[in-house]
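Dropping a prediction and its sequence here:
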Amino acid sequence: MTKKYFGTDGIRGKVGTGLMSPEKVLKLGWAVGRVLASHENGQVNRVVIGKDTRISGYMFESALEAGLAAAGVDIELLGPMPTPGIAYLTRTLRASAGIVISASHNPYYDNGLKFFSPQGEKLDDEIEHAIEAMFEAEMDIVDSVALGRAHRVVDSHGRYIEACKATIPMNVRFNGLKVILDCSNGATYDIAPKVFAELGANVISIGDKPDGLNINLDCGSTHPEQLIERVKSEGADLGIAFDGDGDRVLMVDNEGEAVDGDELLYIIARSRLNDGEDVGGVVGTLMSNLGMEIAVKELGLGFERSDVGDRYVLETLNEKGWKLGGESSGHIICLDRTTTGDGIVSALQVLAYLAKEKMTLHEVKNGMSKFPQLMINVPLQGSFDPMQSSAVQQAVEQAEKKLDGRGRVLLRPSGTEPLIRVMVEGEDEALVSELANIIAAQVAQAAEAA
């Protein structure tokens, strides 16, 4: 059954529009509380709330708090905290659910809500449907004696820092490693520098001064240019870039070359094999580079593609019984270490491998050769299926004919933004660029006509 409000990664939109208004978020909090009560036999529940650094987080935190309290649910407030940290604390605090106030890599004027189960995993479809149905019901309030209470968790950062460090062996240290961290002026700004410094790295932080408006602004995993320049100018061993809520990570090697999620996932799989761990296989997505698929199979591992979105990666991992999966955007899931995509934990796995092998990131990533790939985002007004256009269909067919079985064409709507993503991949970079631009132009024309 199609969901009315929930997307592939919770609820997201421009602040003050749609569901992202204080009154709607208050009622969503109430709906979550009522559904939890029904699923927990009416017992008093606790919900953990954390947020990134965008200014609207204060407003939505208060709205959620009021809605949950009205439903008779207690609240544990974490303050600014990476999304995976909120998932971890939801589980370890034995909460009934976790709520993240974040729009991830989007600009400050967007915000959203993500939800975690008591196990620190994304909510089941059944629960999301129940929340949507409750949201449309008339709101009532429990008796005053049963209202929820709010508490602030004062040691949340310290708990999560120790959890991150525990994902690599005790004998691994990063002494002598010079690392530039770009925290995207987001949720990792305080935690990430402490994690890497406590493990011995010489840390230089950028994007670590959030003001509520500068989250993801020309920094972080979506804009690594500043990090690349800083790695070169400082002569650093590598750079690490997170997104606004800390569930994605990209890296920069000592040569100043960007290392994306596909390459990082390959490195982590290789490190697990070197440690004698049973990997089984790796899950990528429809957008994962063909070079990663080839490299993973050359390691003797299985490879599967899921739909784009971390929840689909997770579903495929659970179906296959595998532990490693992710997206080229840097959303990497290590189920043998945590329950959800975690930028800090993923980066630690890579650095631990470099430390043990005494190799540079540049040397390690060269075990995988990426096919040239270009993705063009075509803005939309409203919903639109580009493959309903005969001109777009013809452009795709001609592109696939020119690629001659040695590449891929993929058109898909973004799950978080009003965009159609046009991706072309092949051996010839010039041909890939030409074909992607031709298809994107056709999509733009068809969208405008529609």
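The structure has been received and is ready for your questions. Numbers count the residues shown, from 1 in each chain.

what about the longest helix seen in the chain, average pLDDT?
For the chain, the longest helix by residue count, based on DSSP state H, is helix 429-449. Taken as a whole, helix 429-449 has a mean pLDDT of 92.

for that helix, packing partners?
strand 373-379, helix 390-403, strand 407-413, strand 419-426 (3 or more Cβ pairs under 8 Å, 6 or more residues apart in numbering; DSSP states H and E). In this view, the C-beta of every residue, glycine as well, is placed from N, C-alpha and C.

mind running it again at 6 Å?
strand 373-379, helix 390-403, strand 419-426 (3 or more Cβ pairs under 6 Å, 6 or more residues apart in numbering; DSSP states H and E).

most neighbours per residue, which of the ones you listed?
strand 419-426 (a mean of 23; mean count of other Cβ atoms under 10 Å).

which one of the helices and strands packed on helix 429-449 lies closest to residue 229?
When the helices and strands packed on helix 429-449 are compared by Cβ to Cβ, strand 373-379 sits nearest residue 229, at 23.1 Å.

re earlier: a markdown table for the helices and strands packed on helix 429-449, including mean pLDDT and distance to residue 355?
Below are the helices and strands packed on helix 429-449 laid out as a markdown table (pLDDT from 0 to 100; distance: least, Cβ to Cβ, whole Å):
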| stretch | mean pLDDT | distance to residue 355 |
| --- | --- | --- |
| strand 373-379 | 91 | 30 |
| helix 390-403 | 92 | 40 |
| strand 419-426 | 92 | 33 |
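
Put together CSV for those, with distance to residue 114 on each row.
Listed next are the helices and strands packed on helix 429-449 as CSV, based on distance: least, Cβ to Cβ, whole Å:
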stretch, distance to residue 114
strand 373-379, 22
helix 390-403, 33
strand 419-426, 20
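
Between those, which one is closest to residue 9.
Using Cβ to Cβ, the helices and strands packed on helix 429-449 put strand 419-426 closest to residue 9, at 14.6 Å.

so what strands line up beside that closest one?
In the sheet, strand 419-426 lines up against strand 373-379 (antiparallel), strand 407-413 (antiparallel) (DSSP bridges).

To residue 104, which of the helices and strands packed on helix 429-449 lies closest?
strand 419-426 (14.6 Å).

and that closest one, how far out from the chain's middle?
Here the centre of strand 419-426 is set off from its chain's centre by 20 Å, with Cα atoms, centre = their mean, to the nearest Å.

the inter-axis angle of it versus helix 429-449?
Orientation of strand 419-426 against helix 429-449 (axes from the mean of the first three to the mean of the last three Cα atoms, to 10 degrees) gives an angle of 160 degrees.

who's in contact with strand 419-426?
290, 371, 373-379, 386, 403, 406-414, 432, 435-436, 439-440, 443 (Cβ atoms under 6 Å, 6 or more residues apart in numbering).

for stretch 216-230, same thing?
With Cβ under 6 Å, 6+ apart as the test, stretch 216-230 has contacts from 105, 180, 182, 184, 207, 239, 241, 243-244, 248, 250, 252, 256, 258, 330.

Among the residues you listed, which pair sits farthest apart?
Most distant of these, by Cβ to Cβ, are 244 and 256, 23.7 Å apart.

ok, back up a step: okay if I get the strands paired with strand 419-426 as TSV plus distance to residue 200?
Below are the strands paired with strand 419-426 laid out as TSV (distance: least, Cβ to Cβ, whole Å):
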stretch	distance to residue 200
strand 373-379	36
strand 407-413	42
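
what about those strands, which gets the closest to residue 130?
strand 407-413 (26.0 Å).

Quick one: mean pLDDT over that closest one.
Strand 407-413 comes out at a mean pLDDT of 89.

try stretch 270-286
Taken as a whole, stretch 270-286 has an average pLDDT of 95.

How about it, which residues are buried there?
By neighbour count with 16 or more other Cβ atoms under 10 Å, stretch 270-286 contains the buried residues 270-272, 279, 281-285.

mind giving me the domain ranges of this structure?
Following automatic domain parsing, the chain resolves into domains at 11-154, 175-257, 260-370, 373-449.

Of those domains, flag the one that's most buried.
Buried most deeply of the domains of the chain, by mean count of other Cβ under 10 Å, is domain 175-257, with a mean of 22.

Determine how far the last residue of that domain lies from the first.
Chord length of domain 175-257, first to last residue, is 23 Å (Cα to Cα, to the nearest Å).

Same question for stretch 370-388.
Start-to-end, stretch 370-388 (Cα to Cα) is 31 Å.

Please compute how far that stretch lies from its chain's middle.
Worked out by Cα atoms, centre = their mean, stretch 370-388 lies 20 Å from the chain centre.

Could you measure from residue 86 over to residue 77?
11 Å (Cβ to Cβ, to the nearest Å).

what do you get for residue 64?
Distance from residue 64 to residue 77, by Cβ to Cβ: 10 Å.

For those two, list the residues in contact with both.
By Cβ under 6 Å, 6+ apart, the residues touching both residue 64 and residue 77 are residue 49.

hang on, residue 110 packs against residue 104?
No: with contacts counted by Cβ atoms under 6 Å, residue 110 stays clear of residue 104, the gap being 8.9 Å.

quick revisit: by how many degrees do the longest helix of the chain and helix 390-403 diverge?
170 degrees.

Show me the contact partners of helix 429-449.
Counting by Cβ under 6 Å, 6+ apart, 372, 374, 376, 378, 380, 384, 386, 389, 391-392, 395, 399, 420, 422, 424, 426 sit against helix 429-449.
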